[in-house]
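>>> This is a predicted model, with the sequence first.
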Amino acid sequence: MRKQIAFAFAAAMLAAGPAHATSFLVSTTTAGNTGSSDSGRIYTATNGSGKLNVKVTGWSSINGVIDNSAVGSYGTAGLGIINRNETGANGTHQADSSGGTDFFLLQFDQAVKLTSAVFNSYAFNGYAPDNNALLGWGSTTAAWNSTLPIDGYSYASLASAFKGTATSIGTGASGSRGIALGDQAFGNVWMISATTPDGGKAYDAFKLGGFSVSTMAAVPEPATWAMMLIGFGFAGAGLRYRRRQTAVSFAAA
């Protein structure tokens with residue numbers, strides 16, 4: 001009997017972050033291969049207004065059950081996944097949909113929207129290169145640098161825990177691909193997954209070379225609201241004063 005995921009992604013709105021939305025670019029490429037790790041990899045991105053932390057872990061759905069898999073770093077190609085049915089040889093070290101459906105989980109230290117990703121595609125099992133991807137987003141109260149306790153649980157439980165999913169269709173060519181999602185597609189946990197074979201025509205197979213995200217513009221905090229209301233009050237008083245002056249001026253004419 002398949003276990004059901006006991007933890008739940010938080011449905012409540014996340015705490016307010018910066019006062020305005022900002023964008024970050026996270027590169028997952030390196031100068032050379034740096035091996036693989038079951039515990040994932042941590043990246044930090046900065047821009048002129050702040051810093052973003054993210055942990056990337058690798059997983060695979062094998063016969064509908066989630067299996068913790070190794071994330072490998074493959075130089076300028078980016079990150080790949082090796083599940084327990086694979087050795088990493090003969091082209092089995094990317095996120096693919098053969099021998100299990102491989103997927104990355106991206107855990108951020110704040111809510112973000114995924115806006116683009118670099119999909120470096122590979123021919124696999126004699127099929128033409130294909131780099132479609134299934135995306136999912138949600139929120140969790142777990143620490144961003146923790147390992148989510150989903151190993152051995154039902155993939156259906158994970159899928160149902162996301163607030164939303166979407167499919168990003170690729171051409172098979174490697175490179176950055178824009179991702180256009182609605183305003184509600186924010187979360188501190190994102191999934192980037194290979195999809196199932198396209199009617200036997202191709203197996204998705206790609207390495208993740210990086211991704212871009214935008215942060216959520218925060219609702220002003222109570223103190224900020226108070227200052228805004230005081231400002232509106234002064235502005236309103238000034239407007240009323242000018243109106244009284246104008247009325248008197250007309251009356252005296």
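Received the coordinates, thanks.

>>> Could you use CA atoms for every contact and neighbour count after this?
OK.

>>> host element of the residue nearest the centre of the chain?
Nearest to the mean C-alpha position of the chain, counting by Cα atoms, centre = their mean, stands Trp190 at 3.6 Å. Using DSSP states H and E, Trp190 sits within strand 187-194.

>>> who are the neighbours in contact with the nearest residue to Phe104 once chain neighbours are set aside?
Distances taken as Cα to Cα, 6 or more residues apart in numbering put Gly58 closest to Phe104, at 4.8 Å, once the chain neighbours are dropped. Gly58 sits next to 38, 40, 68-71, 81, 102-105 when contact means Cα atoms under 8 Å, 6 or more residues apart in numbering.

>>> List the ones among those residues that fall in strands.
Counting by DSSP state E, the contacts of Gly58 place 68-71, 81, 102-105 in strands.

>>> didn't the residue nearest to the centre of the chain look like it was pressed against Thr140?
No - counting by Cα atoms under 8 Å, Thr140 is not a contact partner of Trp190; they are 10.5 Å apart.

>>> Who does the nearest residue to Asn47 once chain neighbours are set aside form a beta bridge with?
In space, and not counting its chain neighbours, Asn47 is closest to Phe24: 6.6 Å by Cα to Cα, 6+ apart. Judged by DSSP bridges, the bridge partners of Phe24 are Val213.

>>> Phe24: what's it in contact with?
Per Cα under 8 Å, 6+ apart, neighbours of Phe24: 45-47, 52, 212-214.

>>> and those, which are buried?
Among these, the ones that count as buried by 16 or more other Cα atoms under 10 Å are 52, 212-214.

>>> With distance to Ala205 and pLDDT added, can I get those residues in a markdown table?
Output for the buried ones among the contacts of Phe24, formatted as a markdown table (distance: Cα to Cα, whole Å; pLDDT from 0 to 100):
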| residue | distance to Ala205 | pLDDT |
| --- | --- | --- |
| Leu52 | 28 | 97 |
| Ser212 | 20 | 98 |
| Val213 | 23 | 98 |
| Ser214 | 26 | 96 |
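
>>> ok now the strand holding Trp190, how far from the chain's centre?
5 Å (Cα atoms, centre = their mean, to the nearest Å).

>>> Please state the mean pLDDT value computed over that strand.
Strand 187-194 shows a mean pLDDT of 97.

>>> and that strand, what other elements does it pack with?
strand 95-96, strand 101-121, strand 133-138 (3 or more Cα pairs under 8 Å, 6 or more residues apart in numbering; DSSP states H and E).

>>> pull the CA atoms of the longest one into PDB?
Translated: strand 101-121. C-alpha atoms of strand 101-121 as PDB (Å, rounded to 0.1, in the frame of the first residue of the first chain):
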ATOM      1  CA  THR A 101       9.900  10.100 -14.300                       C
ATOM      2  CA  ASP A 102      12.700  12.400 -12.900                       C
ATOM      3  CA  PHE A 103      12.000  15.800 -11.400                       C
ATOM      4  CA  PHE A 104      13.700  18.600  -9.600                       C
ATOM      5  CA  LEU A 105      12.300  20.300  -6.500                       C
ATOM      6  CA  LEU A 106      13.400  23.900  -6.000                       C
ATOM      7  CA  GLN A 107      13.000  25.100  -2.400                       C
ATOM      8  CA  PHE A 108      13.300  28.900  -2.000                       C
ATOM      9  CA  ASP A 109      13.600  31.100   1.000                       C
ATOM     10  CA  GLN A 110      10.700  33.200  -0.200                       C
ATOM     11  CA  ALA A 111       7.800  33.000  -2.600                       C
ATOM     12  CA  VAL A 112       8.700  33.300  -6.200                       C
ATOM     13  CA  LYS A 113       7.300  32.900  -9.700                       C
ATOM     14  CA  LEU A 114       9.300  30.900 -12.200                       C
ATOM     15  CA  THR A 115       9.700  33.000 -15.300                       C
ATOM     16  CA  SER A 116      12.200  31.100 -17.500                       C
ATOM     17  CA  ALA A 117      14.500  28.000 -17.300                       C
ATOM     18  CA  VAL A 118      17.400  26.600 -19.400                       C
ATOM     19  CA  PHE A 119      16.600  23.200 -20.700                       C
ATOM     20  CA  ASN A 120      19.600  21.500 -22.400                       C
ATOM     21  CA  SER A 121      18.100  18.600 -24.200                       C
END
